[in-house]
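Visitor: fold the following and give me the result.
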Amino acid sequence: MTLKASKKKSLRLTIIFLMSGAALYFLLIKFGFLMPLTEIPSVACLASCQPEQPFHPRLEDEELLNYEVSLQELLGEGSHGEGLTILVEKSKYRLTVFHNLKPIKSYPVVFGGSPEGDKLREGDRKTPEGVYFIRDLYPHSSWSKFIWIDYPRPESWREHFQAKFSGQLNWLFPIGGQIGIHGAPVGEDSMIEQRLNWTWGCISLKNQDVDEIYRFVKRGTLVEIVP
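Guide: Residues are numbered from 1 along each chain as shown. Alright, predicted model coming up:
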C-alpha cells in the first residue's frame with residue numbers, strides 16, 4: 001500500500017469514527033442518557049453550583065383561593081396572561097396561579113404515583129421539583145390539554161448524575177422527560193377530588209381547570225414545583 005493510499009484509508013476511518021461517535025451521542029441524548037451540548041457548561045459545575053432559589057412567596061393556608069371565580073374575572077377583561085406564573089405545592093395538592101407574584105387563584109391537582117421526593121429518572125413516577133418554564137402547549141386526545149414544561153433542566157441533570165455517582169441510581173437509567181400539566185381522562189375528575197396520584201410524573205387537574213389555565217399561559221411562563 002502506498003503512502004497516499006494509506007493516508008486516504010486513515011482519513012476514511014477517522015471520518016467513520018467521528019460520524020459513529022456523533023450518531024451515538026445523539027442517540028444518548030434522544031433516549032435521556034446525556035444532555036445536549038449547549039447544557040454541558042451549566043451541568044458540569046456540579047459541586048460549585050449555587051442552589052436554586054425559591055421564586056414564589058409561600059402560602060400559609062391550606063385552602064383553594066378563589067376557586068369558584070373564573071380566572072378571566074380575576075385578571076380582568078383584556079388580560080392576555082402577562083405577568084402570570086404558577087406555583088405547584090405537592091404536599092398541599094394545589095396549583096396556584098400568580099399575577100406579578102400575587103396569588104390569584106388555586107386549583108386542586110394530583111401527581112405521579114410516587115409523589116414524595118424529586119424526580120431522578122424515567123419511570124420512578126415522581127413529579128420533578130424546582131423552577132421550570134413552559135416549553136409548549138397543545139390539545140391532548142386523552143387529557144384535554146397538555147402544558148409541557150422543560151424538564152430536564154441543568155439542575156435536573158446535576159441531581160441525576162449525582163445520584164448515579166453516589167450509587168443511589170443505576171447508570172442504565174435515563175433521566176426521562178415529557179413532563180407537563182394536563183387534564184384527567186374523560187369522566188375521571190373524581191381522581192382529582194380524591195387525591196389519587198395516577199400519572200407517571202405529570203401534574204393533573206380537572207379538565208375544566210386545565211382548559212381555563214391553558215387560555216392564559218404561554219411558552220416561557222414560569223412554573224415552580226415545591227415539595
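Visitor: which strand or helix spans the residue most central in space within the chain?
Guide: Among the residues of the chain, the one closest to the centroid is residue 151, at 3.3 Å (Cα atoms, centre = their mean). For residue 151, there is no host helix or strand (DSSP states H and E).
Visitor: now residue 181
Guide: Judged by DSSP H and E, residue 181 forms part of strand 180-182.
Visitor: same for that strand, what does it pack against?
Guide: Using 3 or more Cβ pairs under 8 Å, 6 or more residues apart in numbering; DSSP states H and E, the elements in contact with strand 180-182 are strand 144-149, strand 203-204, helix 207-214. Glycine gets a C-beta too; all of them are placed from N, C-alpha and C.
Visitor: of these, give the one that comes closest to residue 107.
Guide: helix 207-214 (4.6 Å; Cβ to Cβ).
Visitor: give the rounded mean pLDDT of the closest one.
Guide: For helix 207-214, mean pLDDT rounds to 97.
Visitor: okay, now the unreliable bits of the protein?
Guide: Where the chain drops to pLDDT under 70, the residues are 1-35, 37-39, 42, 46-48.
Visitor: re the thing from before, what number of residues lie near the residue lying closest to the residue nearest to the centre of the chain once chain neighbours are set aside?
Guide: Closest residue to residue 151 apart from its sequence neighbours, by Cβ to Cβ, 6 or more residues apart in numbering: residue 179 at 4.3 Å. By other Cβ atoms under 10 Å, the residues close to residue 179 number 25.
Visitor: for the helices and strands packed on strand 180-182, give me a markdown table that also has distance to residue 189 and mean neighbour count.
Guide: As requested, the helices and strands packed on strand 180-182 are exported to a markdown table (distance: least, Cβ to Cβ, whole Å; neighbours: other Cβ atoms under 10 Å):
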| stretch | distance to residue 189 | mean neighbour count |
| --- | --- | --- |
| strand 144-149 | 11 | 22 |
| strand 203-204 | 10 | 27 |
| helix 207-214 | 7 | 19 |
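Visitor: partner strands of the host helix or strand of residue 104, parallel or antiparallel?
Guide: Per DSSP H and E: residue 104 is located in strand 102-108. Pairing partners of strand 102-108, with direction, according to DSSP bridges: strand 94-99 (antiparallel).
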